[in-house]
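K.L.:
here is a sequence together with a model predicted from it:
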Amino acid sequence: MLYALPVTVRMLILSSATPSAAQLHLAHLDPPPVAAPFHHHLKYLQADVRHVTQVTYRAYMDSCMGHDEFVPTTNECEHWFNVGLTVLDSLDTLLLMRLKSEYDASRAWAASSLSFHRKRSLVSLFEIVIRALGGMNSAYQLTNDSLWLNKSIELGDMLLYAFNGTRSKCPSAEAYLGSHIALKMHNRPPPSSTTAADVGTLQLEMRTLSHFANDSKYKHAVDQCMDVLMSAYPKDSMVTPIFDVNDGKFRGSRWTIGGTVDSMYEMMLKNWVMWGKNDTTLRTRFEQSVSAIMRFLSKDNGRNLYIGEMIRNRPATFKPHMDHLVCFFPATLAYAALHGLGGGVNGTRSDDYLPIARRLTKSCFDMTTGVASGLAGEVTSFEGKPVPKQGQDTNYLRPEIVEALYYMDKIDPAGGDTYKLMGREMWNKIRTFAQVEGREDGLISTTTNLLGRHGRPSHSGKLHSFVLAETLKYFYLLFDVRKASDADISLREWVFNTEAHPVRIVRHY
Ligand code: DMJ
């Protein structure tokens, strides 16, 4: 197959032997001596991330190929949308890491077994768009293989129905897959409320599909909804988490930038960048929201700058904790600065984006230092030294902290090796504490009970597909020894969707 990857990637695509997960440790590298130059360590770290990715994906393939997700501790397979979600979410990670035999096996599975028509399911529109459509768009971008475009069109055509069932022209949170969708929708009217993130995170993928397929219908659907969202946007402020798809209004009383809202902000910026920086409404709403977030939700406790949450316009209800998910925000601010907003990459004022992103990135990293395992919890309390909140001490191997390190490493001109060193510390902890017991070959899993006694957490639960899509990819790209401008994915030329699937910036569309 002819890959449309940058030449360096094509040349480095590796052998097509297909060892099982259990055999892979034989090929593993030895670490360099401690005193070796840092770039030797980086090469080793990058190879190690690739190795863990290969072992983990192989374990999924060995036990659950074609199922949505799997449980590394038991090898059980998980069903969610019944579309082989881990395959679709992992394609571009496999390509970027030159895991050719795993990519080829995934493509072969999709060619023979993936059909959205044969499904009969109600799925989360947001999740299927960011993981499946985003993953296939990216695979098509990187390979030019029409298989991925055809599958994206098949899926995109089904998702369009979700935009037709409501009064506001914005889709509800659920979409049908399979045949006779119109009939199914008629029999079960869509629920009226969705979240800001669900409805505000579809545009990049659907517009990209229009661009690739040369068919404006997907773009038209999301653009109509985006107009509704922008007119409903609160003046000079942030959105609240609920969106009513019938009357087209934001509802709810919480101000947060965690789950239910997060990627709406991220995608306002990225859509502005992706389509030529012409959409002044998107840019203005993004800038206005950043100001409001910093004014109402940020707090400097003397040790850390962090983003909490509160009931709208009621500062007394402020909660001094930060979700792991919120660490998308420094990455977004850094990307905005790279593309000229908030003082640009050389901004020094306290309200410029890059100085804020620096402090937030440090706080996100500090979320990993509160417990001996070095794994951050779902929610971290910032009342003193950052520690996982009681009842929230699970680590799902989410990407947002390493995502912040990756963006800052590529964008912050004053960063030096800071972010790579932080990444190394995080990676070493993951290798020690997230590794499944008895699997010294590198298989990793969700880690629970971080606050448990003896500092040794336990493992359980499924491996979310975002671990392969995002977390491992960001570690791999963070440890790249090349200059940011020479990397396979340059942030001046590419946009990652919220699930870390890269597509090239389209300046005029
Ligand atoms: C991912 O699916 C996406 O990054 C999404 O935007 C929010 N969270 C998860 C990973 O934590």
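P.N.:
Everything's here; your move. Residues are numbered from 1 along each chain as shown.
K.L.:
tell me the secondary structure of the residue in the stretch 301-450 of the chain positioned nearest to the ligand, please.
P.N.:
Nearest residue of the stretch 301-450 of the chain to the ligand: R398, at 3.9 Å (C-beta to the nearest ligand atom). Bear in mind the C-beta positions are built from the backbone N, C-alpha and C, glycine included. With DSSP: H, G, I helix; E, B strand; the rest coil as the basis, the three-state label of R398 is coil.
K.L.:
which residues does it contact?
P.N.:
Taking C-beta atoms under 8 Å, 6 or more residues apart in numbering, we find R398 in contact with 324-325, 464, 466, 471.
K.L.:
what helices or strands is the lengthiest helix in the chain leaning on?
P.N.:
Of all segments of type helix in the chain, defined using DSSP state H, the longest is helix 38-64. Packing partners of helix 38-64 (3 or more C-beta pairs under 8 Å, 6 or more residues apart in numbering; DSSP states H and E): strand 69-71, strand 76-78, helix 85-96, helix 100-113, helix 418-433, helix 472-478.
K.L.:
deepest of those, which one?
P.N.:
For those, average neighbour numbers computed from mean count of other C-beta atoms under 10 Å are highest in helix 85-96, which has a mean of 28.
K.L.:
so how far is that one off the chain centroid?
P.N.:
13 Å (C-alpha atoms, centre = their mean, to the nearest Å).
K.L.:
got a markdown table for the contacts of R398, with pLDDT and neighbour count too?
P.N.:
Formatted as a markdown table, the contacts of R398 follow (pLDDT from 0 to 100; neighbours: other C-beta atoms under 10 Å):
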| residue | pLDDT | neighbour count |
| --- | --- | --- |
| H324 | 98 | 25 |
| L325 | 98 | 21 |
| H464 | 98 | 21 |
| F466 | 98 | 25 |
| T471 | 98 | 25 |
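K.L.:
ok, which of those residues also contact the ligand?
P.N.:
Restricting those to those adjacent to the ligand (criterion: C-beta under 6 Å from any ligand atom) gives 325, 466.
K.L.:
check which helix or strand covers whatever residue of the stretch 151-300 of the chain ends up closest to the ligand.
P.N.:
In the stretch 151-300 of the chain, the residue that lies nearest the ligand is S263 (4.2 Å; C-beta to the nearest ligand atom). Here S263 sits within helix 262-274, counting by DSSP states H and E.
K.L.:
what sits up against that helix?
P.N.:
Here helix 262-274 has contacts from 130, 196-197, 199-201, 203-204, 207-208, 239, 257, 279, 282-283, 285-286, 289-290, 293, 325-326, 328-329, 332, 335-336, 339, 341, 495-498, 503, 505-506, using C-beta under 8 Å, 6+ apart.
K.L.:
what score does the residue of the stretch 1-150 of the chain at minimum distance from the ligand have for pLDDT?
P.N.:
Going by C-beta to the nearest ligand atom, the ligand is nearest to I130 of the stretch 1-150 of the chain, at 6.1 Å. As predicted, I130 sits at a pLDDT of 98.
K.L.:
chain neighbours aside, what residue packs nearest to it?
P.N.:
Counting by C-beta to C-beta, 6 or more residues apart in numbering, E499 is the residue found nearest to I130 once chain neighbours are left out, at 4.2 Å.
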